[in-house]
Structure formats: C-alpha cells, structure tokens
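*Asks:* Make a model of this:
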Amino acid sequence: MLLNEKNFLLIDNPSFPSRQFCHYLTEKNSKVIGTGENTRNLLRMMYDHLVEDYCYCDFADELSISQMSVYLKNYHALDGVFIFENMFKEASPQKQKIIKSLHKNIYLVDEPEINNFKISKLKKSPETTYSYLFNQVDELNSLFNEQFLTNAT
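*Replies:* Sure thing, here's the model as predicted:
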C-alpha cells in the first residue's frame, strides 16, 4: 500500500486535523516529519510520538522555505509530501509552485468523514522542476564560494 513503512513530510495547517492524520499514518507504520508555522503544535505531536521530527517553515518567506528544504535534504529521505487539499487550492500560483518543488510525490488530503481520509496524488505538469529550491541554494553557495576564493587570492 501507498502508506506502509514510508517517510512523509506533512505541511501542517491549523484548519486541518493534523493530529488525527498523523495518528492514522503511524497506524500504517509510516514516519512523519512535520513542517509549518505552528511549532507549538508540531512539538506537541513530536512529544506524543506522532511525528519523528519537525522543522519550522513560513511558506510566505522564501528564505524559510530554502532553509527547510536544505534541512530535509540533509537529514531525511522522504517518500512524499502531504498537504491539506483546501490549503493547496487556496494557495497562490507561486506558493503552489514552491510546494510542488518540494518532492516529486505530492499528496492532497481531504477528510470527508471522521478519520476517513481521502488521499489523492497531485498530477504534475511536465515543466515543473522538482529541485527548484535546491538549485537556488546550490547556485547561491557556488556564488559565495567563488567570491571568497577570488578575494582570497
């Protein structure tokens, strides 16, 4: 099955029942890494063993997204990203592009009934690049390294 024994990133949202969804995933032996602005909620879920790890991310701030992406790339091997369907649909096109760039497998989650989550895979357009944020970070690193090397000589 899609969920068994895999690692996922969950983009937390206050209007989404994240705790119930994480409990649902742990029943499938999946590991969840949480991200979002509400670190208090994420920390509580970590304390309750619903998430393995968490990292703060303000999706309105490009630097925050880049830092989260680098952290996830260095410390976690993810099999996909879960996001609340309404949150994704209400996001601006720029924010949707950023979310799509986080991983090649983006799953939209809806809760039609109590604890009966509907999960659907987001279909991507061919022009979407999966490493959008990582490429930006790599470009910045190479620019800074070149600048320091030229100043050192």
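
*Asks:* From L10, how far off is I106?
*Replies:* With distances taken as CB to CB, to the nearest Å, I106 is found 12 Å from L10. (Glycine included, C-beta is placed from N, CA and C.)

*Asks:* These two: which is more packed in?
*Replies:* When neighbours are counted by other CB atoms under 10 Å, I106 and L10 differ, and L10 comes out ahead with 27 against 24.

*Asks:* what do I106 and L10 both touch?
*Replies:* 81, 83 (CB atoms under 8 Å, 6 or more residues apart in numbering).

*Asks:* need the contact list for the closest residue to E52 other than its chain neighbours.
*Replies:* In space, and not counting its chain neighbours, E52 is closest to K31: 4.7 Å by CB to CB, 6 or more residues apart in numbering. Neighbour list for K31: 6-8, 52 [criterion: CB under 8 Å, 6+ apart].

*Asks:* Restricted to buried residues, select these in PyMOL.
*Replies:* Buried residues among these (16 or more other CB atoms under 10 Å), as a PyMOL selection:
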select buried, resi 6+8+52
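
*Asks:* Quick one: residues contacting L122.
*Replies:* With CB under 8 Å, 6+ apart, L122 has these contacts: 88, 100, 106-108.

*Asks:* Which members of these are positioned in helices?
*Replies:* If you go by DSSP state H, the contacts of L122 have 88, 100 in helices.
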